[in-house]
Structure formats: C-alpha cells, structure tokens
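# no sequence for this one, just the structure:
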C-alpha cells in the first residue's frame, strides 16, 4: 500500500493579482480594462521589448560560444556595471572596494537572498517594512524566519508620506535591526521620500545603529537616473553597512528574464569579501547559478555607449508616458468626479496609485464597467491609454 504523503498538504490560496488577471481574460466585454498586473504597458497596451535589448540580443546570438555555468556570483561584468548604475561610477564604496555584488534571479531573488543573509547574521532578525509595501516583501522575508515589523508610510487616498509617524514608529527599532526602504516609485502607493527626508532618515539610522536595506525596482521611472538615485546614494555614502536589491525587470523591460542583483556595502574591503562569500554560499543552496541571458543584455547595453544612449532615450519615453497618463487621468477625474479629490495621482511617481475607495466600490467598477484593479484600490497607472482612460474615469465617478 503506497503512502499518500502529498495528502498532508493544504491547497494554497490563489495570488489575488493572478486571480484578477484570469477574471479579466475571461471577461467578454470589449471595453474591459485590466489595471491589476504590475508591468509597464505602452499606448497599445503591450509590454514591448526595448530596441536596445533587441540589438544586444542580436550580438549575443552571433557571439555566444558556450552555455557553461557563469559561477555563483553570476556575470561579473554585469555585477560591476549594475553596481555603478545603482551607486554612481565614483561612489566611495566602489572606489574603496567596500561594495560587493552578486547576480540574482530578479529583484525577488535578491530580497530572498538578503532574507537568508539576515538569518545567518542573527536568527529571528527584526526587519521593518513600510505599511503598505510590495505584497511579496513580507513573505520573502518571513521565509527565512525573520521577524517582520511595519512602520506607517502612507494612507490610501492621501498625498505625501506620513514621515513623522514613520520616524516615531521606527524609534521602537533596536540596534542591529534592518529597515527596508524602496528606492523610488514606491510599490504600491507611488509616494517617495524627498531628498531631505532621505537625509533625515540617514542620520536617524546612524544614530540608532540600524541597517538600511534599499529595494530598487524602478530606477529611472520617477526621474532621470542620477536624480532618481540621489537619496539612496547619499545614504550609501554615509552609513557603514547597507544592502541594495536591484531589479532590471522594469527599467530594461526584462521581466521574464529575471535580472537582478544584491549589492552590499561594508565598512572595509575585508568585510566586503566576507559578505560576498556568504552571499555566494546562500545562492548555491537557493538556486546555484543565476541565468545568463538577461544579465548579458544589461551589461552589453550599459557598456556600449550607443546602446546605453538608446536605452536612456527609451527609458525617458517610458517615464514621460507614465507622467503624462497621471496628468490626463487626474484631469479626467477632476472633470467627471468633481473637485480635487484625486489630485494626488498627478504628483505621485511610477506605475502605481491607490484610488482610496472601498473594496465594495472597486468590485462595483468590475461588475458595471469591467475595470479590474485590486480590492485595495491599487491600480497600475501604466495600464491606462488614450482609448480607455475616459472609460476608467467614468467607472470611478459612477461608484463615488
């Protein structure tokens, strides 16, 4: 008689975003709009391959001579270039050999690897995350038995970060705790720290002995690359230790190729090497070697001056489109809903915003207009186009 070991497993709940995407696919309304998935879409509701990436792929097809393993740290050219992209070419941590980087399986893989690193440093490490935060942050951190605490960051339907409350609640953190921050284009609220707030927070972390962990998933989508990075680069210049997870999914539009990195900053070169060996040891257990294709493409684009120029131009167009959609949507809501209730959408950054309406109202929009967004009212602004924006604005106005 065979044992039924799998019978002991419980059925896991469906991911709410994937569930909504499936509902939208099944909806036969020709005017349906899916604003749930967190991917960039252009005016044609497509997520295209960048031209710079197509050119880099053509080179790879012509030049690649082997499919052998890269090694635990991944593509070393990619590691070097993405570290400079995140921190700047002449950042002291790079110049002094205090930065160490490992290629990961996307930004999610970088956060998961960091979670295991915290566990190696101290079992039951306290990690503080914003409320709200990206839905996968907490499961990734808890998967390595870290203790997750939250600090106030944003209230749905408001404008601005609740910085005073944030700092007050972080006062409960103890020396050695980790504070997870998002670099720019906060997911899911679209509200970013100002540069002055980055500076105040840096002084606070130094005074309290807390370690920053900055998750960078949208570099270049809020502002140009250097201005976007101003806050976390300042922090990296001031603190002795820091971790950065970096994703190439959005700014290189390489979602399915899973391109990411985990960057550490240490007090000295010896410590940096120690951290690198631990990151590689953890990666060996998690997934062994990272995939090669996407990292090669990013490295090729960043190293070649013409491809880099093309990439920055394409990135500028993505950012400009998102900002333009925010303006148009705010204008439409002001006209159809009356008043400036949704003015905050205009000023926020990146692909996401909360409308600040109830789950019941969100579901009514789904039933009556086939407009799909999360029950929390988080929507993907990049899913709006000139052909569906008025329809979505009508849907919002109809449930107010």
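Perfect, I can see it now. The structure displayed is predicted, hence computed values, not measured ones.

# Residue 387 and residue 278, how far apart?
Between residue 387 and residue 278 the distance, using Cβ to Cβ, to the nearest Å, works out to 51 Å. Using the backbone N, CA and C atoms, a C-beta is placed for each residue, glycine as well.

# out of the two, which sits in the more crowded spot?
Ranked by neighbour count (other Cβ atoms under 10 Å), residue 387 and residue 278 place residue 278 first, with 18 against 12.

# Sticking with that one, tell me its helix or strand.
Residue 278 is part of helix 269-286 when elements are defined by DSSP states H and E.

# Pull out the buried residues from that helix.
Neighbour-count burial for helix 269-286, counted by 16 or more other Cβ atoms under 10 Å, picks out 271-272, 275-276, 278-280, 282-283.

# what's it in contact with?
With Cβ atoms under 8 Å, 6 or more residues apart in numbering as the contact definition, helix 269-286 has outside contacts at 72-73, 96-102, 104, 109, 112-113, 116-117, 120, 262, 264-266, 290.

# re the thing from before, may I see the buried residues of helix 269-286 organised as CSV, with distance to residue 188 and pLDDT added?
CSV is the format used below for the buried residues of helix 269-286 (distance: Cβ to Cβ, whole Å; pLDDT from 0 to 100):
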residue, distance to residue 188, pLDDT
271, 35, 97
272, 33, 97
275, 30, 97
276, 32, 98
278, 31, 97
279, 28, 98
280, 32, 97
282, 28, 97
283, 28, 96
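
# I'd like to know which of the contacts of helix 269-286 are part of helices.
Counting by DSSP state H, the members of the contacts of helix 269-286 that fall within helices are 109, 112-113, 116-117, 120.

# So among those, which ones count as buried?
109, 112-113, 116-117.

# one step back: now the helix or strand just after the helix holding residue 278: mean pLDDT?
Of the helices and strands lying after helix 269-286 in sequence (DSSP H and E), the nearest is helix 293-303. Regarding helix 293-303, the rounded mean pLDDT is 98.

# Quick one: distance of helix 293-303 to the chain centre.
Centroid displacement of helix 293-303 relative to its chain, using Cα atoms, centre = their mean, to the nearest Å, is 19 Å.

# Output the contacting helices and strands for that helix.
For helix 293-303, the helices and strands in contact under the criterion 3 or more Cβ pairs under 8 Å, 6 or more residues apart in numbering; DSSP states H and E are helix 51-63, helix 76-87, strand 259-265, helix 305-337.

# what comes up buried for it?
Judged by neighbour count (16+ other Cβ under 10 Å), helix 293-303 contains these buried residues: 294-302.

# Give me the contacts around it.
Counting by Cβ under 8 Å, 6+ apart, the neighbours of helix 293-303 from elsewhere in the structure are 52-53, 56-57, 59-60, 70, 74-75, 77-78, 81-82, 85, 103, 248, 252, 254, 257-259, 307-308, 310-311.

# what angle separates that helix from strand 259-265?
For the pair helix 293-303 and strand 259-265, the angle between their directions (axes from the mean of the first three to the mean of the last three Cα atoms, to 10 degrees) equals 70 degrees.

# So how do I select the buried members of the contacts of helix 293-303 in PyMOL?
Selecting only the buried members of those in PyMOL, with burial defined as 16+ other Cβ under 10 Å, works like this:
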select buried, resi 52+53+56+70+74+75+78+81+82+85+103+248+252+254+257+258+259+307+308+310+311
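
# domains for this structure, by residue range?
Dividing the chain into domains by automatic domain parsing, as the record does, gives the ranges 13-49+308-399, 69-303.

# And the buried ones among the ones in helices among the contacts of helix 269-286, which is closest to residue 234?
When those are ranked by distance to residue 234 (Cβ to Cβ), residue 117 comes first, at 23.6 Å.

# and the gap between that closest one and residue 296?
Residue 117 sits 26 Å away from residue 296 when distances are taken as Cβ to Cβ.

# And residue 3, what's its pLDDT?
The predicted local confidence for residue 3 comes out at a pLDDT of 66.

# let me fix that: residue 44
At residue 44 the predicted local confidence, pLDDT, stands at 94.

# Kindly report the same for the one 10 residues further on.
Model confidence at residue 54, expressed as pLDDT, equals 98.

# How many residues are close by it?
11.

# Equivalent analysis for residue 334, please.
Burial measure for residue 334: 16 neighbouring residues, criterion other Cβ under 10 Å.
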